[in-house]
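A.B. asks: Provide a 3D model corresponding to the input given below.
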Amino acid sequence: MKTLTIASTKGGMGKSTITWNIGAAIRESGASIAFIDIDVHSTLTHTNDARVASGLEPLTVLRPKTIQELVDFIQNTEVDYILIDVGGYDYDLGRVAIAIANQIIIPISEDPTEIFGFQTFAIFLAQIEEQSPLPPITFVINHAHYRASTFPKVREVAALRPTATIAETIIRRRAVYSASMGTGIGVAEQPARYATAADEITRLAREVMG
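C.D. replies: Model (predicted):
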């Protein structure tokens, strides 16, 4: 089993959308998944409800309230991949989700507010690292303009973590991603309708699956 924690201390960076769509893409590959929703906004939980309303079977979304429940879910859930959606703020449950992950995924764009937000998150990560070694970190360039090809600000902040990597797959700004959260149907589950986006998120899923 591999645990992926999608995290940042800034809201609005697309953590929940990336989490849901990567998970759906991993599931489409034939692997089993479960989500852990520890965001105060319960975005994945609401998206799963929307999935049911769309006429599909719900996915597994767990909602631990305590650190012990979080640890128990991870230890006792028998799936290939667990994806944890961490809220955009500093709290103990989020810190533990980062510390016990096998990989941290950080969505980020060239937007100055996201760059500034990561500088705060870097301090947060350093504080966690004082207690235990951090798992590998992968930055995912998200909300990218369709013409953008270089991302100097992202590469600059990624360099603050010398062992971090930047995913090769770039997630472009597409309306279908936000729409998928309203229906609960992952982009990768609709390849005939959204071929370009489905290919994009599937490639990213393959990267994080290793």
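A.B. asks: helix or strand for His46, which one?
C.D. replies: According to DSSP states H and E, His46 maps onto helix 43-53.
A.B. asks: What residues of that helix count as buried?
C.D. replies: 43-48, 50-51 (16 or more other Cβ atoms under 10 Å). For glycine as for every other residue, the C-beta is placed from the backbone atoms N, C-alpha and C.
A.B. asks: any idea how far Glu57 is from the residue nearest to Met209 when sequence neighbours are not counted?
C.D. replies: In this structure, Met209 finds its nearest non-sequential neighbour in Ile26, 6.2 Å apart by Cβ to Cβ, 6 or more residues apart in numbering. According to Cβ to Cβ, to the nearest Å, Ile26 and Glu57 sit 16 Å apart.
A.B. asks: Give me the more crowded residue out of these two.
C.D. replies: More crowded of Ile26 and Glu57, by other Cβ atoms under 10 Å: Ile26, with 27 against 6.
A.B. asks: Is the more buried one in contact with Thr202, as I believe?
C.D. replies: No: applying Cβ atoms under 8 Å, one finds Ile26 not in contact with Thr202, separated by 9.2 Å.
A.B. asks: Using CSV, write out every CA atom in the helix or strand of the chain with the lowest mean pLDDT.
C.D. replies: When the helices and strands of the chain are scored by mean pLDDT, DSSP states H and E, helix 112-129 comes last with a mean of 90. C-alpha atoms of helix 112-129 as CSV (Å, rounded to 0.1, in the frame of the first residue of the first chain):
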residue,chain,number,x,y,z
PRO,A,112,2.3,34.9,-6.7
THR,A,113,-0.1,34.1,-3.9
GLU,A,114,0.6,30.4,-4.3
ILE,A,115,4.4,31.1,-4.4
PHE,A,116,4.1,33.2,-1.2
GLY,A,117,1.9,30.5,0.3
PHE,A,118,4.5,27.9,-0.2
GLN,A,119,7.1,29.9,1.6
THR,A,120,4.9,29.6,4.7
PHE,A,121,4.4,25.9,4.0
ALA,A,122,8.2,25.4,3.8
ILE,A,123,8.4,26.6,7.4
PHE,A,124,5.6,24.2,8.3
LEU,A,125,7.5,21.3,6.6
ALA,A,126,10.7,22.2,8.4
GLN,A,127,8.9,22.1,11.7
ILE,A,128,7.6,18.6,11.0
GLU,A,129,11.1,17.5,9.8
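A.B. asks: helices or strands up against the helix or strand just after it?
C.D. replies: Counting by DSSP H and E, the next helix or strand C-terminal to helix 112-129 is strand 137-141. Secondary-structure packing of strand 137-141 (3 or more Cβ pairs under 8 Å, 6 or more residues apart in numbering; DSSP states H and E): strand 103-108, helix 152-158, strand 165-166, helix 195-209.
A.B. asks: Save those as TSV, and put in distance to Gly117 and mean pLDDT too.
C.D. replies: Shown next, in TSV, are the helices and strands packed on strand 137-141 (distance: least, Cβ to Cβ, whole Å; pLDDT from 0 to 100):
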stretch	distance to Gly117	mean pLDDT
strand 103-108	8	96
helix 152-158	10	94
strand 165-166	17	96
helix 195-209	21	97
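A.B. asks: Can you add distance to Thr3 and mean neighbour count and give these back as CSV?
C.D. replies: Output for those, formatted as CSV (distance: least, Cβ to Cβ, whole Å; neighbours: other Cβ atoms under 10 Å):
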stretch, distance to Thr3, mean neighbour count
strand 103-108, 8, 24
helix 152-158, 22, 16
strand 165-166, 18, 16
helix 195-209, 11, 19
